[in-house]
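Chemist: Okay, structure incoming, though there's no sequence with it:
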């Protein structure tokens, strides 16, 4: 594995791989790798020839009162994990390399960024789309892998890539959970032991909502009440939002039919955590996707990604 910091080096290596007939796989991250990140690397390794992982804590997506300075970092551990997953290039630029001047050009996706996390973090997605657009430009034509835990981010990036005709195929990969159900997140490192146990109420609430839908519930308000009612039983968890929305455009729904996203966000101790599930309902058929349990890093197979 090569670790590089310069954009021109990254472009040169990716261009060379494509010129030789290879396909480039790209995993954009902010580091502090867990099994979810590693599953993205495995998916990229399985179906591309040159795997690039970026490691950059993007200041544009943090508001002044958020945790930019405290965001967990482990450069050496991340490099070891990436190398163990067969990554070819770890792109770890400085802030000055990505933003040599304060940017006056930003990328904004209207509508999809207004609700869910965008409601409480109104500047967040502008920072995400701006840095992802820059990274896509640096890497060039490629397949880019994102986890479905960040369902709104995935929807926003897909729309941005489509609207701007970017030569990038966006791949959504399964949400990855700890054995106790907690969705994997770098911010889980903030949780004290009691908060860590309390945080599992989020996945338990999603499972309860899924059980209601499997049993025939189709009223979104009813599912919302089940979701929030269970979360409210845990005093350490303060709900930011709990919503039932259309999976494609993230607009609220009244009836659970077609493809629906059930998403939650909550403050637990120092951490703000998000979780979700997708539900597909056609007639009497119900398919619920709550993600997968963290894979064994030594296992040869990765969960199959969804390509859009």
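Modeler: Structure received. Quantities reported herein were computed from a predicted structural model and do not represent experimental measurements.
Chemist: you'd agree residue 151 is up against residue 263?
Modeler: Yes - contact criterion CB atoms under 8 Å: residue 151 and residue 263 qualify, at 6.1 Å. In this view, the C-beta of every residue, glycine as well, is placed from N, C-alpha and C.
Chemist: Give me the common contacts of these two.
Modeler: Residues touching both residue 151 and residue 263 (CB atoms under 8 Å, 6 or more residues apart in numbering) are residue 276.
Chemist: Quick check, central residue of the protein?
Modeler: Residue closest to the average C-alpha location in the chain (CA atoms, centre = their mean): residue 150, at 3.3 Å.
Chemist: what's the nearest residue to residue 274 if we skip its chain neighbours?
Modeler: Nearest residue to residue 274, sequence neighbours excluded (CB to CB, 6 or more residues apart in numbering): residue 265, at 4.6 Å.
Chemist: can you pull the pLDDT of the one you found?
Modeler: With respect to pLDDT, residue 265 has a value of 98.
Chemist: just checking, it touches residue 271?
Modeler: No - at 10.7 Å, residue 265 and residue 271 do not qualify as touching, with contact defined as CB under 8 Å.
Chemist: Residue ranges in the stretch 201-308 of the chain under the pLDDT threshold?
Modeler: Low-confidence segments of the stretch 201-308 of the chain, defined by pLDDT under 70: 295-308.
Chemist: what mean pLDDT would you report for stretch 184-198?
Modeler: Per-residue scores along stretch 184-198 average to 97.
Chemist: Show me which residues of it are buried.
Modeler: 184, 185, 186, 187, 188, 190, 191, 195, 196, 198 (16 or more other CB atoms under 10 Å).
Chemist: Which of those fall within strands?
Modeler: Per DSSP state E, strands hold no members of the buried residues of stretch 184-198.
Chemist: Quick check: the residue nearest to residue 274 vs residue 238, distance?
Modeler: Distance, residue 265 to residue 238, by CB to CB, to the nearest Å: 10 Å.
Chemist: Sketch out the helices for the protein, chain order is fine.
Modeler: Taking DSSP state H, the helices of the chain run over residues 7-19, 35-47, 75-84, 95-98, 117-120, 124-139, 151-163, 193-199, 201-214, 220-231.
Chemist: Mind checking these for the one nearest to residue 172?
Modeler: Smallest distance to residue 172 across those (CB to CB): 5.3 Å, for helix 151-163.
Chemist: tell me which strands and helices that closest one is in contact with?
Modeler: Packing partners of helix 151-163 (3 or more CB pairs under 8 Å, 6 or more residues apart in numbering; DSSP states H and E): helix 124-139, strand 142-147, strand 168-173, strand 258-268.
Chemist: Mean neighbour count, those: which tops it?
Modeler: Stretch with highest mean neighbour count among the helices and strands packed on helix 151-163: strand 142-147 (a mean of 24; mean count of other CB atoms under 10 Å).
Chemist: Quick one: distance of it to the chain centre.
Modeler: Its chain's C-alpha centre and that of strand 142-147 lie 10 Å apart, by CA atoms, centre = their mean, to the nearest Å.
Chemist: What of stretch 255-266?
Modeler: For stretch 255-266 - counting by CA atoms, centre = their mean - the centre lies 16 Å from the chain centre.
Chemist: Stretch 186-201 now?
Modeler: 18 Å.
Chemist: what is the residue lying closest to residue 183 once chain neighbours are set aside paired to in the beta sheet?
Modeler: Counting by CB to CB, 6+ apart, residue 183 lies nearest to residue 275, which is 4.6 Å off, once chain neighbours are set aside. Following DSSP bridges, residue 275 is listed with bridge partners residue 264.
Chemist: Likewise for the one 10 residues further on?
Modeler: Partner residues in beta bridges with residue 285, using DSSP bridges, are residue 282.
Chemist: residues contacting the residue nearest to residue 140 when sequence neighbours are not counted?
Modeler: Of all residues not flanking residue 140 in the chain, residue 14 sits nearest, at 5.2 Å (CB to CB, 6+ apart). The contact partners of residue 14, by CB under 8 Å, 6+ apart, come to 24, 50, 52, 139, 140, 142.
Chemist: Next: residue 151.
Modeler: Residue 151 touches 247, 261, 263, 276, 278, counting by CB under 8 Å, 6+ apart.
Chemist: could those go into JSON lines alongside distance to residue 218?
Modeler: Shown next, in JSON lines, are the contacts of residue 151 (distance: CB to CB, whole Å):
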{"residue": "247", "distance to residue 218": "16"}
{"residue": "261", "distance to residue 218": "15"}
{"residue": "263", "distance to residue 218": "18"}
{"residue": "276", "distance to residue 218": "19"}
{"residue": "278", "distance to residue 218": "16"}
